[in-house]
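Student: Mind looking at a prediction? Sequence and model below.
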Amino acid sequence: MPELPEVETVRRGLQPVMEGARLVSVEQNRADLRFPFPERFAERLTGRRIEALGRRAKYLTIHLEGGLAIISHLGMSGSYRIELDDGTHAPGAFHHDRSKNTLHDHLVMNVEREGGGRARIIYNDPRRFGFMALAEPGELDSHPMLKGLGVEPTGNALSGELLASLFAGKQAPLKAALLDQRLIAGLGNIYVCEALWRAGLSATRKAATIATPAGRKTARADALAFAVRDVIADAIAAGGSSLRDHIQTDGTLGYFQHSFSVYDREGAPCPRPGCGGTVERIVQSGRSTFFCPRCQT
DNA sequence: ATCATGACCTGTTAGC
DNA sequence: TGCTAACAGGTCATGA
């Protein structure tokens, strides 16, 4: 599920229940996800108040009183859901609102909410590619999981100039460069495919070809920087993409999947007006790339 | 250093 | 219907 827009959607869904709440107890149901949980993880959380929820790239950050912070990555299949003490799901609960699948509930945070009442925040992750870490007070930005991350594709930071300088000299395919979290942090397979389509650029072209040899921007760099920021902003506004969970009762599931131009649309006509091409699928470094061979060059 | 590939895990779906 | 293979939103370790 989770690229940057999905993680941001999770953050916004958890925020009204978690911020200001106190962790009454934490149930950790196994020793590891992709990596072992930190030492004494549940004990260190218990009793603390949650001050804020943040996000860096695809990482959710949970800031606790005293400065300790949980760093949570959802991998491919991680999700959070909220259960209120009356047994219902909270508005804003994200994903997997079906009664089955508690098998992979790996962490349960029981909280006393700020305005009173209790809630359970449950982390579920069938494939266990997700992971959690703890950052000591003042060490969040320098934590090994976050410190090497590149620029956020939100806001104005990602300009054509910056993109050109980041990609200058790179022989890797444009797609691989866009997926490199050390350069731009937060893009994944869906939004890279969509951004390349919006920019009219081929995923297989060498990354360096959007810059001059000196690392100056070209029209391609401007188009790609804009496309990346644009598709991420659109996806966040739509609440992210939900590929598998179309059953929904409380209305907070993402709907950006209905706006895909090429992702998972092999054989469909290219939606660009007047193009007339057909979406194709190729494999690059083991991952599907969806693109229009006619208008992406 | 840079780049490509396989590995990690479970669940769902397409195809025979 | 039942089995098998392919594939899935990500990252890390390895080897060329």
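Tutor: Okay, I see it. Quantities reported herein were computed from a predicted structural model and do not represent experimental measurements. Numbers count the residues shown, from 1 in each chain, chains lettered A, B, ... in the order given.
Student: Those residues of the stretch 151-297 of chain A touching DNA strand C, which are they?
Tutor: With the criterion set to Cβ under 7 Å from any atom of the strand, the stretch 151-297 of chain A comes near DNA strand C through A:179, A:181, A:188-190, A:240-244, A:254, A:257, A:286-288. C-beta: built from backbone N, CA, C; applies to glycine.
Student: repeat that for 10 Å
Tutor: Among all residues of the stretch 151-297 of chain A, those adjacent to DNA strand C (criterion: Cβ under 10 Å from any atom of the strand) are A:176, A:179-182, A:185-193, A:235, A:240-245, A:253-254, A:256-257, A:263-264, A:266, A:281, A:283, A:285-290.
Student: next one: the stretch 1-150 of chain A
Tutor: So far as Cβ under 10 Å from any atom of the strand goes, the stretch 1-150 of chain A lies against DNA strand C at A:1-7, A:9, A:34-35, A:57-59, A:73-79, A:95, A:126-131, A:133, A:144-146, A:148-149.
Student: where does chain A have low pLDDT?
Tutor: Along chain A, segments meeting pLDDT under 70 span A:1, A:90-100, A:244-253.
Student: Would you state the helices of it in chain order?
Tutor: Residue ranges of the helices in chain A, as given by DSSP state H, are A:4-18, A:41-45, A:160-167, A:174-179, A:189-199, A:219-237.
Student: now the ones you listed as JSON lines including mean neighbour count?
Tutor: Formatted as JSON lines, the helices of chain A follow (neighbours: other Cβ atoms under 10 Å):
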{"stretch": "helix A:4-18", "mean neighbour count": "23"}
{"stretch": "helix A:41-45", "mean neighbour count": "16"}
{"stretch": "helix A:160-167", "mean neighbour count": "21"}
{"stretch": "helix A:174-179", "mean neighbour count": "23"}
{"stretch": "helix A:189-199", "mean neighbour count": "25"}
{"stretch": "helix A:219-237", "mean neighbour count": "20"}
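Student: Tabulate those (JSON lines), appending distance to DNA strand B.
Tutor: Putting the helices of chain A into JSON lines (distance: least, Cβ to the nearest atom of the strand, whole Å) gives the following:
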{"stretch": "helix A:4-18", "distance to DNA strand B": "17"}
{"stretch": "helix A:41-45", "distance to DNA strand B": "19"}
{"stretch": "helix A:160-167", "distance to DNA strand B": "9"}
{"stretch": "helix A:174-179", "distance to DNA strand B": "5"}
{"stretch": "helix A:189-199", "distance to DNA strand B": "12"}
{"stretch": "helix A:219-237", "distance to DNA strand B": "17"}
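Student: of those helices, which approaches A:E112 most closely?
Tutor: Comparison of the helices of chain A against A:E112 by Cβ to Cβ identifies helix A:4-18 as nearest, at 11.1 Å.
Student: now what about that closest one, what contacts it?
Tutor: Here helix A:4-18 makes contact (Cβ atoms under 8 Å, 6 or more residues apart in numbering) with A:2, A:50, A:53-55, A:57-60, A:62, A:74, A:79-80, A:82, A:90, A:92-94, A:111, A:113, A:119, A:121, A:152-154, A:185-188, A:191, A:232, A:235-236, A:238-241, A:252, A:254, A:256.
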